[in-house]
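In: Below: sequence and its predicted model.
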Amino acid sequence: MARTRTYKRLEKSFVHSVMLFFGGVFRKIAAFFNTVFKFCDRKLTIMIVPHSQSRVINFRTNIFSLGAGTLLILGILISFFYFNRRTSGSVREVARLQEENRKTLASLDELRDENNNLLQTAERFQNTLSQALALIGINQSATSKTSNQNSDLSSLFNMREIARGSVKESADIRELSNYLENSVQPIEQIGKMLQIQGAMLSDTPNVWPVKGGLGHFSMPFGQALHPITGQWYIHKGLDISTYRSGDPVISTANGQVVTVTYDASFGNYIIIQHKYGYYTRYAHLQSTRVKTGQFVSQGDVIGTIGNSGVSTGAHLHYEVHIGSDVVDPAKYVNIKLKN
């Protein structure tokens, strides 16, 4: 019991000490605010004395009102300078944007000019394509239907203005895009036709029979005076001379070698069978480089120019046959292949 009473006395003593401590702190804080309030509430008289004989102006206030007014004025001044600086920055930003807008407008004008040039180029391309399609027999109207409401390519260049400014440029570009898309099919047809014609060119005699395009005509096809007998006769081929022996002779078209032999008149000669009833003969050769039954491609070397058989000098005697008819080879040697 004695110990319990001791604990209670100590507890009361501690609580009393804490209460006294916090009470003293609160009293000091209250005294401080009271002093500050009394100081701020001190009355001040401000007098304005003019140099003239006018009446003296005075008004009464206190320190709190004077400080609050001073802070308000300082706040207004600081806000003025701050927003003035922000306004100057905004003015500079507006000027920069205006300059960028001016450059953008200049670029847009340049784009419009380029767009007009592109449309003019497309018009010239349309005219050229139309002429090319007409020459090769392709019906342009069947391949130039647009996916939009316009069904004729000419509408690209006669379209009405549906809008102004950038909208019109966009419409022009869309029309040009549709036109180019519709130009793909006829161009593909031209490509296929050229591919077929390229195959036909490879399968029919049409190139110069001496490699590298060397040589010249030394005797044409037709009636001629025989250089040895001195009598008139029909020269059934074309003589090509390079003034020397040994220059390579090439096949003028794809085909199969059907004859490689020697003849007292033609000397060493080769006959190649081609498609579509064509045959070609290469005579007076110095040497041959193919065998009977061998398939050759256009441009393959089959022998060399020589002076074998009845000949007055090194040359190539070249013949073109269609079926049983002999034709003038000059019509079939228009293309000279590069080495």
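Out: Here it is on my side, so go on. Numbering: from 1, shown residues only.
In: how deep is residue 246 tucked in, by neighbour count?
Out: 11 (other CB atoms under 10 Å). Quick note: C-beta positions are derived from backbone N, CA and C, even for glycine.
In: nope, residue 50 is what I was after
Out: Residue 50: 9 neighbours (other CB under 10 Å).
In: Which secondary structure state does it sit in?
Out: Assigned state for residue 50: coil (three-state reduction, DSSP: H, G, I helix; E, B strand; the rest coil).
In: Quick check: it vs residue 58, distance?
Out: According to CB to CB, to the nearest Å, residue 50 and residue 58 sit 12 Å apart.
In: where along the stretch 101-250 of the chain do the strands fall?
Out: Along the stretch 101-250 of the chain, counting by DSSP state E, counting those that start in this stretch, strands occupy 216-219, 222-225, 232-235, 238-241, 248-250.
In: contacting residues for residue 235?
Out: 219-224 (CB atoms under 8 Å, 6 or more residues apart in numbering).
In: cool, and residue 218?
Out: Taking CB under 8 Å, 6+ apart, we find residue 218 in contact with 239-241, 315.
In: same thing but 10 Å
Out: Taking CB atoms under 10 Å, 6 or more residues apart in numbering as the contact definition, residue 218 lies against 238-243, 312-313, 315-317.
In: How about residue 215?
Out: Contacts for residue 215 were tallied using CB under 10 Å, 6+ apart; they are 208-209, 239-244, 247, 249, 305, 315-316, 336.
In: Kindly recompute the last result at 6 Å.
Out: Applying CB atoms under 6 Å, 6 or more residues apart in numbering, we find residue 215 in contact with 240-242.
In: Tell me where the model's unsure across the stretch 1-150 of the chain.
Out: Across the stretch 1-150 of the chain, the ranges flagged by pLDDT under 70 are 1, 53, 136-150.
In: circling back: which of the contacts of residue 215 tops the neighbour count?
Out: Counting neighbours by other CB under 10 Å, residue 240 comes out on top of those with 23 neighbours.
In: In a strand, residue 256, correct?
Out: Yes. Counting by three-state DSSP, residue 256 is located in a strand.
In: so it bridges to which residues?
Out: Listed beta-bridge partners, residue 256: residue 273, residue 295 (assigned using DSSP bridges).
In: That one reaches residue 273, doesn't it?
Out: Yes. In this structure, residue 256 is within contact of residue 273 by CB atoms under 6 Å, at 5.3 Å.
In: Can you flag the buried ones in the contacts of residue 235?
Out: Among those, the ones that count as buried by 16 or more other CB atoms under 10 Å are 219, 221.
In: what two of the contacts of residue 235 have the greatest distance between them?
Out: Largest separation among the contacts of residue 235 by CB to CB: 219 and 223, giving 11.1 Å.
In: so what sits against both of these two?
Out: With contacts taken as CB under 6 Å, 6+ apart, residue 219 and residue 223 have no neighbour in common.
In: Report how many residues lie close to the closest residue to residue 313 other than its chain neighbours.
Out: Closest residue in space to residue 313, ignoring its immediate chain neighbours: residue 307 at 6.2 Å, by CB to CB, 6 or more residues apart in numbering. Other residues within reach of residue 307, judged by other CB under 10 Å, total 15.
In: What pairs with the lengthiest strand in the chain, parallel or antiparallel?
Out: In the chain, taking DSSP state E as the definition, the longest strand is strand 278-288. Counting by DSSP bridges, the strands paired with strand 278-288 are strand 267-273 (antiparallel), strand 301-305 (antiparallel), strand 316-322 (antiparallel).
In: so which of those gets nearest residue 234?
Out: If you check each of the strands paired with strand 278-288 against residue 234 by CB to CB, strand 316-322 wins as the nearest, at 11.9 Å.
In: Tell me which stretches of the chain form helices.
Out: Listed in chain order, the helices of the chain (DSSP state H) span residues 2-40, 63-136, 140-143, 155-158, 166-203.
In: I'd like these written out as TSV, with mean neighbour count and distance to residue 327 added.
Out: Formatted as TSV, the helices of the chain follow (neighbours: other CB atoms under 10 Å; distance: least, CB to CB, whole Å):
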stretch	mean neighbour count	distance to residue 327
helix 2-40	10	127
helix 63-136	11	26
helix 140-143	14	36
helix 155-158	15	47
helix 166-203	14	17
